[in-house]
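# Here is a sequence together with a model predicted from it:
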Amino acid sequence: MEVSGPCPLGSSEIVFFDLETTVPSRAGQRFWVLEFGAIIVCQRKLVELESYSTLIRPTDLSVVAVKSSRSDGITRKAVANAPTFEEVADKIFSILNGRIWAGHNIQRFDCVRIKEAFAEIGRPAPVPVGMIDSLGVLTEKFGRRAGNMKMATLATYFGLGQQKHRSLDDVRMNLEVLKHCATVLFLESSLPNAMNDKWHSSSTTIVTRSRSNGKLPCREENSRKSPPTTIGYQRAVPYTRGSLGKMTEGVKNLLCKAQETKSFNSILKHSHSLLR
């Protein structure tokens, strides 16, 4: 675990997190959590305050492949001596509960797996105060130009290297992708006549506890984390459609809420006026 400096008073913390799991090979099989990784980020400075990652040993080791098909994949040997989920549940709960959750496709995958894992050990799951799913954000603003919505594809588009499919590496890559997204939005809003590419877009919303009446805003979906690349396949995005102003609010929250400097506040206002 790594710890950095404090976040300014009055600002909320965002936790970017990611799970690595087993992949069911047939109907009826369940997902087993094999790794949890998270970084806690100050949303006003985008500074990483704390990081945590751990491998997790499933109850049934036979569900883990002896040899992974990925170069950095998790093998049975790697998790053989790792703690069980119950042994790290307190730490995971303390990291997630009461913070803004962020990640790629977390609303349909990661938070569902977290809820299942806590239910299995008979404990209440952590609850977010808000949620930012980069799958929705980048689908609406970068889907066509990036090709598909896999994190590996997005990272290649932004020149960020290869995805490692390890939790801590992936969440840090996720944050960098969002930073690049916001930068492009700023450049396009600053030079609307020169950068006149037209991309299909609608909106995303950040789900808050008040909107979900205190319930964990997750929907069950027995599928892989990243959207498949099958031709003709379209995956529903877990967001309601509305004005583009809501999308801008999501970017605004990620880029320090515009309270740090007057100049940054003017940038966000300019982006908002363009996107409406």
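Noted; the coordinates are in hand. This is a predicted model, so every value here is computed, not measured.
# Would you check how far apart Glu176 and Gly103 are?
To Gly103, Glu176 is 13 Å away according to Cβ to Cβ, to the nearest Å. Using the backbone N, CA and C atoms, a C-beta is placed for each residue, glycine as well.
# residue ranges with poor pLDDT in the stretch 151-276 of the chain?
Scanning the stretch 151-276 of the chain with the threshold set as pLDDT under 70 gives 195-276.
# Ok, the stretch 1-150 of the chain next?
Residue ranges of the stretch 1-150 of the chain with pLDDT under 70: 1-11, 69-72, 143.
# Do a quick rundown of the strands in it.
For the stretch 1-150 of the chain, the strands defined by DSSP state E, counting those that start in this stretch cover 2-3, 13-21, 33-42, 47-55, 100-103, 130-133.
# Burial check on Met131, number of neighbours?
Other residues near Met131 come to 24 when the count uses other Cβ atoms under 10 Å.
# circling back: who has more neighbours, Glu176 and Gly103?
Shown here are Glu176 and Gly103; by other Cβ under 10 Å, Gly103 has more neighbours (28 against 15).
# pretty sure that one is touching Gly37, no?
No - under the criterion of Cβ atoms under 8 Å, Gly103 makes no contact with Gly37, lying 10.1 Å away.
# Which parts of the protein are helices?
76-79, 85-96, 111-120, 134-146, 151-157, 167-190, 244-254, 262-275 (DSSP state H).
# Can you convert the ones you listed into JSON lines and add a column each for distance to Thr54?
Formatted as JSON lines, those follow (distance: least, Cβ to Cβ, whole Å):
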{"stretch": "helix 76-79", "distance to Thr54": "10"}
{"stretch": "helix 85-96", "distance to Thr54": "5"}
{"stretch": "helix 111-120", "distance to Thr54": "13"}
{"stretch": "helix 134-146", "distance to Thr54": "23"}
{"stretch": "helix 151-157", "distance to Thr54": "21"}
{"stretch": "helix 167-190", "distance to Thr54": "9"}
{"stretch": "helix 244-254", "distance to Thr54": "26"}
{"stretch": "helix 262-275", "distance to Thr54": "36"}
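# Which among those is found nearest to Gly28?
Closest of the helices of the chain to Gly28 is helix 111-120, at 14.7 Å (criterion: Cβ to Cβ).
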